[in-house]
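>>> have a look at this prediction, sequence included:
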Amino acid sequence: MKRFFTISTLLLFTASQLVAQPDCSDGRYTTFNKFSSVDVASAVTFGNNTALSGNAADLKMDVYTPVGDTETDRPVVIMAFGGSFIGGSRGDVAFMCNILAKMGYVAIAPDYRVGLFLPNEITTTLAVLRGAHDINACVRFLKKSAAEDGNPYGIDCERIIVGGISAGAIAAIHSAYLDKLSEVPAYMVGDTAGLGGVAGNSGTPEYGSESLGVLSFSGAIGDTSWIEAGDAAIVSIHEELDNVVPYLTQEVSVSGFPTGLIASGSRHIHLRADNVVLPNALKSYPGVANHVGYLSPIDQTALDFAMDFIGDLVCGSSTNSCAKISSTGINNVERNSISIYPNPTEGILNFRTEEIGTVEVVDATGRIVLSTSSRLGQNTLDVTALPTGIYTLRTIGEQVGTAHFIKH
């Protein structure tokens, strides 16, 4: 069933943000496909830090720029991939970086450190901190490249947007707003100091990691009080019944496993932004029990909403299209939990379905890694060939059933 949703927004630009940018006069940054093709500089090293394995790991980025562009002071959008901080790669956001670069932006797809961990309050917080630290290092590297290395990517260091999808959005949000050691939970202060403080030690420490804005596709923050007047502006897209990243404030689960960690999603982020009079805009999908479904396939109204906001932000425009609008929503399929055993498993999963349909196994990055049919009643599924990790089993018929499992 198709549903229609409304969007609640607020956009209040301060006087310092109303300085018109000369490169905005021809519709760039607000026009899709302003440029027809994109160049990609792949695997540029921007930092280094210790991976979950304990080994040193280089951090790399892919840089997307519009072909034939003569501008040399362009805004940057850093777009971090999703994957529950367990998996994913920078190639997962290539589609978004291509969209941005064709609008005239310099789009960056960065690495950040991910890997399999047993989710709990501390390990999940550490995963978020690693992601934020690595995005901070990417921002600092870009600023250094412009100041000391001849500005090879043609960027404007005053117009850097940090963003991401799901876990990548969470990392970007913490990069922007977790900027004081006093904001770190008491139980994490020692660990944070050892990781290089709130800025991290992933590279280029001599530069700052401040950003102009945040672009969040279904993100969250550990504590909304970290958002303060004068901080980066933010635009968010989020389904209200998101079953992965909370829309309101609740306990966080990683691939279905509860962590004991409480986080605030987009709705409460934007209430806080309203309270401190921070430029912000939120597009919600009421009644939709999905996670980033508006990007698979892309809901153009969501994309328009986000790009209008960041276009106005980088161009210093006082006019914007963040007034209330309506849009066609995403199909909302009823979802139910299903029981599976044994869990964890080394190979065979048992589960029961109430209808004939399809069964899929989805990895932590959202990729379907196994698909077959299911029958009415008791079913078994052999996942022996899957790598060790955390997965979602999904049964699809008139209804959708989901369960999470660990493969040893």
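That came through fine. Small disclaimer: the values here were computed from a predicted structure and weren't measured. Residues are numbered from 1 along each chain as shown.
>>> ok, then the element right after the helix or strand that S175 is a member of?
Remark: S175 resides in helix 167-177, with elements defined by DSSP states H and E. On the C-terminal side of helix 167-177, the closest following helix or strand by DSSP H and E is helix 189-194.
>>> hang on, the earlier thing: tell me the mean pLDDT over the helix holding S175?
Taken as a whole, helix 167-177 has a mean pLDDT of 97.
>>> cool, stretch 61-72 as well?
The average of the pLDDT scores along stretch 61-72 is 96.
>>> all helices of the stretch 201-350 of the chain, in order?
Along the stretch 201-350 of the chain, the segments classed as helices by DSSP state H, counting those that start in this stretch run 266-275, 300-315.
>>> want to throw those helices into a markdown table with mean neighbour count and mean pLDDT?
For glycine as for every other residue, the C-beta is placed from the backbone atoms N, C-alpha and C. Conversion of the helices of the stretch 201-350 of the chain to a markdown table gives the following (neighbours: other CB atoms under 10 Å; pLDDT from 0 to 100):
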| stretch | mean neighbour count | mean pLDDT |
| --- | --- | --- |
| helix 266-275 | 21 | 94 |
| helix 300-315 | 22 | 96 |
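>>> could you dump the ones you listed into a markdown table and include distance to T395?
Below are the helices of the stretch 201-350 of the chain laid out as a markdown table (distance: least, CB to CB, whole Å):
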| stretch | distance to T395 |
| --- | --- |
| helix 266-275 | 29 |
| helix 300-315 | 27 |
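>>> of all these, which one is nearest F46?
Of all these, helix 300-315 sits nearest to F46, with 21.4 Å by CB to CB.
>>> who does that closest one touch, helix- and strand-wise?
strand 155-165, strand 213-217, strand 233-239, strand 280-285, strand 326-328 (3 or more CB pairs under 8 Å, 6 or more residues apart in numbering; DSSP states H and E).
>>> which of the helices of the stretch 201-350 of the chain sits closest to K144?
For K144, the closest of the helices of the stretch 201-350 of the chain is helix 300-315, at 20.8 Å, according to CB to CB.
>>> please verify my assumption that D179 contacts G208.
No: applying CB atoms under 8 Å, one finds D179 not in contact with G208, separated by 9.8 Å.
>>> between the two, which one's more packed in?
Taking D179 and G208 together and counting by other CB atoms under 10 Å, D179 has the greater number of neighbours (20 against 14).
>>> residues touching that one, list them.
With contact taken as CB atoms under 8 Å, 6 or more residues apart in numbering, D179 is in contact with V198, A199, W226.
>>> TSV for those, including pLDDT?
Compiled in TSV, the contacts of D179 are given as follows (pLDDT from 0 to 100):
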residue	pLDDT
V198	87
A199	91
W226	94
